[in-house]
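A.B. asks: how would this look folded up:
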Amino acid sequence: MRIILLGPPGSGKGTQAQLLVQRYGIVQLSTGEMLRAAVAAGTPVGLKAKEIMAGGGLVPDEVVVGIISDRIDQPDAKNGFILDGFPRTVPQAEALDDLLRHKHLKLDAVIELRVNESALLSRVETRVAQMRERGEEVRVDDTPEVLTRRLASYRSQTEPLIHYYSERRKLSTIDGMMAIDEVTRAVHRQLLALGAVEPKTHARSAAQAAPAKKAAKKAKSAKKTARKPAKAAKKAAKPAKPAKKAGKGAKKAAKKTVKKTVKKAVKKTAKKAVKKAVKKGSKTGPKKVTKKRAKR
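C.D. replies: Residues are numbered from 1 along each chain as shown. Coordinates of the predicted model:
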């Protein structure tokens, strides 16, 4: 499964990415982390990126694509991956398409988490106000001013990707303003509809189920288990049909055998008696005993 999550800052992409990683056993690929890992590992593209970053320059797309190429060849990415922070522009999306085509892989889904920007700004303003009331330190990158700049950057650079993937029939849009678990369910339904996951992978762990649902399931299971011994005893007490049928057959066969044996014994006795009478008749002389008379 290969997925891209699109959405402005604060849309919940990071949260949903982590949930997808846990649920489907895939990896989350962050361009920032991949760059740092490649530099630390001293790979050819990592060394090139290190040189560019040391000079204060931005790492070009071809270098980033090279790092992604190396990363998705690693064993842990065999089941699939979620790209986080890439692509950000249409040229990057085109470069990614070329890379996947070269590796004989395909992108399964591009999911856009659509949110209300005004609502996002309102949330940040409320959170910052609450933190200040409690005397907590507010992060410099977590202010309405910073979010406004990041949203403007997203609209100009990344939003064109929505049109790009929509044209290629890869885009699915989900309401990112729903509760986290509702968004998760919607994402899963979309992945099922696209054939990106098998139906058996839904609701993997019981921990994701509501406590009330779990309790009801346990109670139902216990009730079913309690019924089993009674059902088994009832079944054992009831004479089995095949056995009854077999008993009838055996009785009939025995009756037939007895009848046959008796008939055979009578015939044998009569034959013996005739033979004896004939023998006796031949000894006495004039009085002749025939077989016919003997039989009478």
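
A.B. asks: so where is the stretch 101-250 of the chain shaky, pLDDT-wise?
C.D. replies: Residue ranges of the stretch 101-250 of the chain with pLDDT under 70: 200-250.

A.B. asks: so where do the strands sit in it?
C.D. replies: Counting by DSSP state E, counting those that start in this stretch, the stretch 101-250 of the chain has strands at residues 109-114, 171-175.

A.B. asks: these: which one's closest to Leu5?
C.D. replies: strand 109-114 (5.5 Å; CB to CB). (C-beta placed from N, C-alpha, C; glycine too.)

A.B. asks: so that closest one versus strand 171-175, what angle?
C.D. replies: Per axes from the mean of the first three to the mean of the last three CA atoms, to 10 degrees, the angle that strand 109-114 makes with strand 171-175 is 30 degrees.

A.B. asks: tell me the buried residues in strand 109-114?
C.D. replies: Buried residues in strand 109-114, defined by neighbour count with 16 or more other CB atoms under 10 Å: 109-113.

A.B. asks: hmm, back to that, now the strands of the stretch 101-250 of the chain in CSV, with distance to Leu192?
C.D. replies: Compiled in CSV, the strands of the stretch 101-250 of the chain are given as follows (distance: least, CB to CB, whole Å):
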stretch, distance to Leu192
strand 109-114, 11
strand 171-175, 11
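
A.B. asks: of all these, which one comes closest to Val197?
C.D. replies: strand 109-114 (9.6 Å).

A.B. asks: so what touches the closest one?
C.D. replies: By CB atoms under 8 Å, 6 or more residues apart in numbering, the surrounding residues in contact with strand 109-114 are 1, 3-7, 11-13, 16, 161-162, 165, 170-177, 183, 187, 190-191, 194, 196.

A.B. asks: next one: stretch 187-199
C.D. replies: By CB under 8 Å, 6+ apart, the list of residues contacting stretch 187-199 reads 1, 3, 16, 20, 23-24, 108-109, 111, 172, 174, 202.

A.B. asks: need the residues you listed in a markdown table (columns: distance to Gly85).
C.D. replies: As requested, the contacts of stretch 187-199 are exported to a markdown table (distance: CB to CB, whole Å):
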| residue | distance to Gly85 |
| --- | --- |
| Met1 | 18 |
| Ile3 | 13 |
| Gln16 | 14 |
| Leu20 | 15 |
| Arg23 | 21 |
| Tyr24 | 20 |
| Asp108 | 19 |
| Ala109 | 17 |
| Ile111 | 15 |
| Ser172 | 20 |
| Ile174 | 19 |
| His202 | 28 |
